[in-house]
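Peer 1: Build the 3D model from these lines:
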Amino acid sequence: MTYINTYITFNGNCREAMNFYQECLGGELFFQPIGTSPMSEMMPPQMKDSILHATLTNGDVVIMGSDMVDNKGLIRGNAMSMMLNCSSEIEIREAYDKLASGGDATHPLEHTFWNALFGGLTDKFGNRWLLNFDKN
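Peer 2: Predicted coordinates:
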């Protein structure tokens, strides 16, 4: 495994929170709003300014976030995920299968518009994982 990052889900205040973290920790901040992404047409108009993906990077410190709350809503326990960035397709497939064993494969691995293989799951202990293999 290459590394794990924390991925925080917010309820419409991702931009505010990530700006706050940047003020506290410094670093470079990147936002991908829903309205400027390929997902824009699939989302309700009121979500266009919401954040699809944000990344704050300062050296080895990486915090990621999003306003993309699933249909269960934002509840204690689903606001944080462990983001596992894999170094090969074989690695991501093996890790996904192992972590999903006895758990819930909520988002099967799929090829994405950002040129990655990506998926999500909740492991048998109730912990949320996002797995990503960047093909670049």
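Peer 1: Tell me how the chain divides into domains.
Peer 2: As given by automatic domain parsing, the domain ranges for the chain are 1-39+47-83, 86-136.
Peer 1: Give me the average confidence score over the first one.
Peer 2: Rounded to a whole number, the mean pLDDT of domain 1-39+47-83 is 88.
Peer 1: And for stretch 111-118?
Peer 2: On average, stretch 111-118 scores 96.
Peer 1: How far off centre is that stretch?
Peer 2: Relative to its parent chain, stretch 111-118 has a centroid offset of 12 Å by CA atoms, centre = their mean, to the nearest Å.
Peer 1: re the thing from before, would you convert the domains of the chain into a markdown table that also reports mean neighbour count?
Peer 2: Bear in mind the C-beta positions are built from the backbone N, C-alpha and C, glycine included. Listed next are the domains of the chain as a markdown table, based on neighbours: other CB atoms under 10 Å:
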| stretch | mean neighbour count |
| --- | --- |
| domain 1-39+47-83 | 15 |
| domain 86-136 | 15 |
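Peer 1: Which strand or helix spans the closest residue to residue 8 other than its chain neighbours?
Peer 2: Once flanking residues are discounted, residue 8 sits nearest to residue 65: 4.4 Å by CB to CB, 6 or more residues apart in numbering. Per DSSP states H and E, residue 65 falls inside strand 61-66.
Peer 1: neighbouring strands for that strand, and are they parallel or not?
Peer 2: strand 3-9 (parallel), strand 51-58 (antiparallel) (DSSP bridges).
Peer 1: Tell me which of the ones you listed lies nearest to residue 125.
Peer 2: Counting by CB to CB, residue 125 lies closest to strand 3-9 out of those; the figure is 15.5 Å.
Peer 1: where's that closest one relative to the chain centroid, distance-wise?
Peer 2: That offset, for strand 3-9, works out to 7 Å (CA atoms, centre = their mean).
Peer 1: With stretch 99-110 instead?
Peer 2: The answer for stretch 99-110 is 15 Å, by CA atoms, centre = their mean.
Peer 1: What is the end-to-end distance of it?
Peer 2: 16 Å (CA to CA, to the nearest Å).
Peer 1: Give me the contact list for that stretch.
Peer 2: 70, 92-93, 96, 117-125, 129, 131 (CB atoms under 8 Å, 6 or more residues apart in numbering).
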